Structures are given as structure tokens and as C-alpha cells.
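Enquirer: Quick one, structure for this:
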Amino acid sequence: MGSVKIIIAVCLFLPLRLLAQQVDVSSGNAMTLEPVLKKYVDRFNSLDSEYVKNYVPNAAAFDWLKANVPLLDCPDSTIEQTYYYRWWTFRKHLKETPDGFIFTEFITPVKHAGRFNALSCAFGHHVYEGRWLRNTTYLDQYIQYWYLKDAQQKAPRFHQFSSWAADAVYNRFLVDGDSSFVKALLPAMDEDYRLWEREKRLPDGLFWQFDVKDGMEESISGARREKHTRPTISSYMYGNANALAKIATMAGNDTLRTRYTADAQKIRSLVQINLWDDTAAFFKVRQVIKGSETTRFSNAREQIGFIPWYFDLPADKAKYAVAWEQLTDTSGFDAPWGLTTAERRHPLFRSHGSGGCEWDGAIWPFATTQTLKGLANLLTHYKHRGGMTPAVYYNTLLVYARSQQKNGEPYLGEYQDERTGYWLKGDDPRSSYYNHSGFCDLVINDLIGLKPRADGKLELYPLIPQDKWDWFYLEGVPYHGKVVSVRWDKTGEKYGKGKGLKVVVDGKEVYSGKGLNKVLVKGI
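Expert: Have a look, this model is predicted:
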């Protein structure tokens, strides 16, 4: 009878093509963490006034999350609670529209949004986070909304903000393995890239942007009129070009493969030559000097200087890795409640207060997510790490998790005071459940280290410090049409299924090892 109930719940939220996959989740080692999920959902529901209901109301939240998200059991209650809270809030933003499913950014309507309250600013975060949902329909339609449906409007809104959209879509493919989806989307993605070139490309080959169109208004280095060259948009376009080159390769389009491979190499070289400040040892904004065609470096280190590592752009050299020393410097970006958006030593730190949104030092989850992804890439892809270690990643993630609260209860808002944790939009309803960052992906992809690949192999590269967790269980992760679970039990006493690290695919154990180490499983 229990298995029948599970199948019924799944049918409520999944297309038939995924039903077989979901039934597999209900067998073997799976679904053992349902009581953990139920505990959190009941608590979050009890705290919520639910003044906005979208596709999945609170009453259906447990069944929807059970059917769709990987479940986590771990010894750190703060990370675990935040993990479930972020899935619970992500679900709130799923909206069914005449143009298909979308994920909203603000829970209430805002004036600067487009149709259906859609905004593209955090599209990359939404896709990285949502790629771990077992029902692919939601993200398929959301991606198609921006690339296809929005482009048909008289006033398209996709370019309202800078975006690493193609990079996110390719990294989503690495999880679901559906090459047909990305290959079909390639013409639209190619046209979108060319539109960015027409709108924002400078004669030297880099890209410019207003800080507000980066979603980073009132920054120390930014402007709303001057065409400053920013590490943000040029890094995004590098990531997009790399992604398009890979998709073109899959599609057998040698013309586009050659074009985007060359453009990625060009942007990478230009960013390292023109946006790296040797004196400050940091990637910076290059500002246009008013009344002239010359530029100079901003005198501020800003958190956007870590973004190039989000896309593995910097060369693996100590020269660049030294920038990361600023992450743990209390005069740099390290503050009691998290990472600041500008270095704390700067005389204009937290000076731009306008009652709106300020990126001159306050903590923004959007930026924290980008920096943590860049740090994870540094630790897993680079030899030169600037003194960074898995312990730094873990501690930074933990502070980020702790910051997502208000008055002792789980909360997610826009931006925070770095000393007190006060959410600087106060009790503004638009700020609650602010879907403008990521967290669950940072746990799955980076902390536990499930690294999706195009070749079908399963790679695990945990960033959990060796002395931190004696056990954890990540259950029900979709991967290339299969369901993966990862279990770590140092002594074998927590789960009673043997010591060490175990990887289970569709109910079958495919790896067993003694240590919490890097793993590569072939032929899954």
C-alpha cells in the first residue's frame, strides 16, 4: 500500500516519461529520509502566512518536494535546515503561465519585472539550482520561456540584466544528459550571444555594462551612464562562449564550434590582460574617464573580482590565486555575517545608502553564491589555491547558511548588514523568500561534490574537511536518467550499511571506499 501511495504522489507532479525513473526512487535504499523532509516542511509551513500561492501551495509542498528534490541527512543542523528551507522556498516561486512554467525572483509583483512577474537577473542561479529537480519539465519550460517566448515579444526582457545563461543551460545538460534539448536550443542561444555582442561589446573585444544592469546598483566602481568594463559580464560571456562551443560540438556544427572556441580564448586573454590589477592583485572594473576614451582601474576591490573563477577563466598561476587571500581578510571581504560586496577597508564602504539596493559593501546572497562556486572551482580544478582549503569553503558556506534567518527563524531576503545580519529591506513583503541566489547546488555539486560530466561517468569530489562530518546521506539525485545516492558513514554505526563511502545508482552499489576522497565511477 505504501508504494502505491508513493506512485500516486509522483503522478500528480510528473509527466509520464519520468514516471519509471521516479518509481525506481521508491525502491531499495531510497525514500528513507522522508521523515526528515516532513519535519522541515511541517515547520516551515507552520511559520508561513502564505500570502502568495503559486503552482505548489504549502499544502502540497511535502508531496512535491518528495517527488522532486534530493534529500539530505547530515550532522550540521544549520546546513541541513537551510538546505531544506531553500528547496521549500524555491518551490514557492514555481509559476504556471500561458507560456509554460517559470521561476520568479520576487514572491510579490514588482514594477521592474516583465510578464508574469518574470525577471532574468538570477536566471543562472535558478538553472544551477533547479537542475537537480527530478521533473525536468519545469526547467525545460523556464529555459524555453526566456530563449524562445520572451524573444517573440515586442520588448524582450532577457537582456534587462547580464547573464551567464548559456553556461547554466550547458551545466544543466551535464546533470540530465539530454543532448537533444540543448542542441535544439543552439540556434536561439547563438542568436542571443550575437545580440549581446551588438549591444555590449567594445571594440577591444571585452564587454561593458552599467552596474544596475548587472543587478549590482550603487556599487563603488559602477555607473548608470558610463560604459565601464566589468569582470562580471565579460566573465559571463566567456562562460557562455565555452558552453556554446561544447554544444556546437555535440550538434556537429563545426562553424559555431570554431567561432566560440576562438572567442572564449580571446575573452580569457583580454580579461587577464586588461582587468587584472597587478598592484591590487585583483580583477577589477576598468572605468571610463569622463570626457575621454581612456580608462583606469577602479580603486576598489569588489567581490565581483572572484567571478572569473566561477567559469575557470584565470590561468592556474600563483599570480592570480593570491586574490583569494582577500576572502579571509577582515579588512577585505570577511565580515561576521558573511562576505561583503566591497572590501571593508575602502573609504567608500557602505557609503552609498539610497534606501534602494546598495552593492557598496552589504552582504548579497547573489554574490555569495557566485563566490562560493568560484572557490569550489579553485579547490577542485586548480593547483594554485592562494591558501584556500576545504575548511575555508566549509566555514564560508556555514556562515552563509547561518545568515539565512531573521529573529531566529529561517528567512531569505535581499541583502544584509555585515555586522548585525539585519535584512536591509526590513519587513518589505517583496523581500521574503527572495529567489536571487543559490544554496542547494552548492551543497550537492560542491560540498558533497557530485560533479556531473558529459561522458556519463560519475565523479565525486567532496570538499567536506576530513575532521568535520562522520556521516551524511544524500538521497535521490537525478543523473543521466538514473537516480544516485551518496552515503558516508565513517564507523558504519550511523546507517548500519557498512563503513566508508558508498555510491548507489538505481538501487545498486557501484562504489565502496574507506575514505571521503575523490571518486570516479565508470559505466554507470
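Enquirer: so where's the stretch 151-300 of the chain uncertain?
Expert: Nowhere does the stretch 151-300 of the chain drop to pLDDT under 70.
Enquirer: just the helices in it please.
Expert: Assigned by DSSP state H, counting those that start in this stretch, the stretch 151-300 of the chain shows helices spanning 165-176, 179-200, 231-251, 254-274.
Enquirer: For the shortest one, name the packing helices and strands.
Expert: What it means is helix 165-176. On a contact count with 3 or more C-beta pairs under 8 Å, 6 or more residues apart in numbering; DSSP states H and E, helix 165-176 meets helix 123-130, helix 137-144, helix 179-200, helix 231-251, strand 471-479. The way it works is simple: take the backbone N, C-alpha and C, and place the C-beta from them, glycine included.
Enquirer: now these as CSV including mean neighbour count and distance to Arg286?
Expert: What follows is the helices and strands packed on helix 165-176, written out as CSV (neighbours: other C-beta atoms under 10 Å; distance: least, C-beta to C-beta, whole Å):
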stretch, mean neighbour count, distance to Arg286
helix 123-130, 25, 23
helix 137-144, 20, 32
helix 179-200, 16, 14
helix 231-251, 24, 9
strand 471-479, 23, 41
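Enquirer: could those be laid out in CSV, adding distance to Ala60?
Expert: Formatted as CSV, those follow (distance: least, C-beta to C-beta, whole Å):
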stretch, distance to Ala60
helix 123-130, 18
helix 137-144, 14
helix 179-200, 27
helix 231-251, 34
strand 471-479, 18
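Enquirer: For Phe297, find the nearest of those.
Expert: Nearest to Phe297, of all those, is helix 231-251, at 11.2 Å by C-beta to C-beta.
Enquirer: circling back: so which of the helices and strands packed on helix 165-176 is nearest Leu501?
Expert: It's strand 471-479; of those, that one is closest to Leu501 (C-beta to C-beta) at 9.9 Å.
Enquirer: what's the offset of that closest one from the middle of its chain?
Expert: Centroid separation between strand 471-479 and its chain, computed with C-alpha atoms, centre = their mean, to the nearest Å, is 18 Å.
Enquirer: Let me see the residues that make contact with it.
Expert: Contacting residues not belonging to strand 471-479 are listed as 21, 25, 29-33, 69-75, 132-134, 175-177, 444, 448, 450, 452, 458, 464, 483-490, 494-495, 505, 524 [C-beta atoms under 8 Å, 6 or more residues apart in numbering].
Enquirer: Same question for stretch 376-384.
Expert: 309-310, 312, 316-318, 320-321, 324, 385-386, 388-390, 393, 442, 445-446, 449, 451, 461, 463.
Enquirer: Buried residues of it, list them for me.
Expert: Buried residues in stretch 376-384, counted by 16 or more other C-beta atoms under 10 Å: Ala376, Asn377, Leu378, Leu379, Thr380, Tyr382, His384.
Enquirer: try stretch 296-310
Expert: For stretch 296-310, by 16+ other C-beta under 10 Å, it's 297-298, 300-310.
Enquirer: Determine how far the last residue of it lies from the first.
Expert: 25 Å (C-alpha to C-alpha, to the nearest Å).
Enquirer: Isn't Ala264 up against Ser234?
Expert: No: counting by C-beta atoms under 8 Å, Ala264 does not reach Ser234; the two are 11.2 Å apart.
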